[in-house]
Structure formats: structure tokens, C-alpha cells
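Visitor: let's see this in three dimensions:
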Amino acid sequence: MREKQNLLAVVAVEDGVVAGFKLGYEQQDGVFYSWLGGVHPQFQQQGIAAKCMAAQHEWCKKKGYLRVRTYGRNNRKAMLIVNLKAGFDIVSTFIDEKGRHKIIFEKSLNEKDESM
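Guide: The predicted model follows:
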């Protein structure tokens, strides 16, 4: 993690318990990569993933990023739905080094692009 450019950690805390988190960093092409995220089972279905994502995207806008990218897997349907509801588009797919099929999502942070 020390070698990641512009590493960001968003942490949601409820009553002293980490309810959720979102980690990301800048990729070599200048796009912000939303790397890892999760919500504690006790706090799922409360919008915490969406709130962490919104905080991450707001930070990205302030830093001048134009796009956010993330990868998903078909067996993680809840996160695929969160990404689609948040305005991400599916831009490509690939097979990773472990033979898993991955879906590449990207979202424009330019409000003009979001209305198209």
C-alpha cells in the first residue's frame, strides 16, 4: 500500500464499530481505482456501501479526477448492483491471473457526462 499513488481510505464507524470501508488509489493512467470495500454483516442493507462510495467520489472530484474505475465479479451481485445504481458503466471484461472472470466498471465524475 505504501507504493500506491494517492491512496484513500474511507471508513464508516457506528457506535465504535467499523461498519464499512472503501480503499482506492490512482492507477498509472490517471484514473482513480476503487480497489476494496466492504460492509460488516451487522450493518448491511443500510446504505453504508453507497455512503462510503459517495465520500470517495467527492474526494476524487476535489482532487481533480475525471473517472473512477472498479472491478467486479459476477458472484458478488450486491456490489455489481451498487455500482450500477451509482452510475458506473460496464466498459470491459477480462480473465485475471487466477482464472476468474472480472467486469470492469467506470464512472465519469464530470456531471455533464452523467446526464447523457
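Visitor: by average pLDDT, which secondary structure element in this protein comes out worst?
Guide: When each helix and strand of the chain is scored by mean pLDDT, DSSP states H and E, helix 111-114 comes last, with a mean of 58.
Visitor: mind checking how far the spatially most central residue of the chain is from residue 90?
Guide: In the chain, the C-alpha nearest the mean C-alpha coordinate belongs to residue 34, at 3.7 Å (CA atoms, centre = their mean). Residue 34 sits 15 Å away from residue 90, going by CB to CB, to the nearest Å. C-betas here are computed from N, CA, C, even on glycine.
Visitor: now do residue 82
Guide: Separation of residue 82 from residue 90 (CB to CB): 14 Å.
Visitor: more neighbours, the two?
Guide: residue 82 (20 against 13; other CB atoms under 10 Å).
Visitor: quick check: that one is in a helix.
Guide: Yes: according to DSSP: H, G, I helix; E, B strand; the rest coil, residue 82 belongs to a helix.
Visitor: my guess is it contacts residue 51. True?
Guide: No: if you go by CB atoms under 8 Å, residue 82 and residue 51 don't touch, sitting 10.9 Å apart.
Visitor: the residue nearest to the centre of the chain is in contact with residue 56, isn't it?
Guide: Yes: using CB under 8 Å, residue 34 is in contact with residue 56, at 6.3 Å.
Visitor: now for the two: what residues contact both?
Guide: Residues touching both residue 34 and residue 56 (CB atoms under 8 Å, 6 or more residues apart in numbering): 22, 24, 68.
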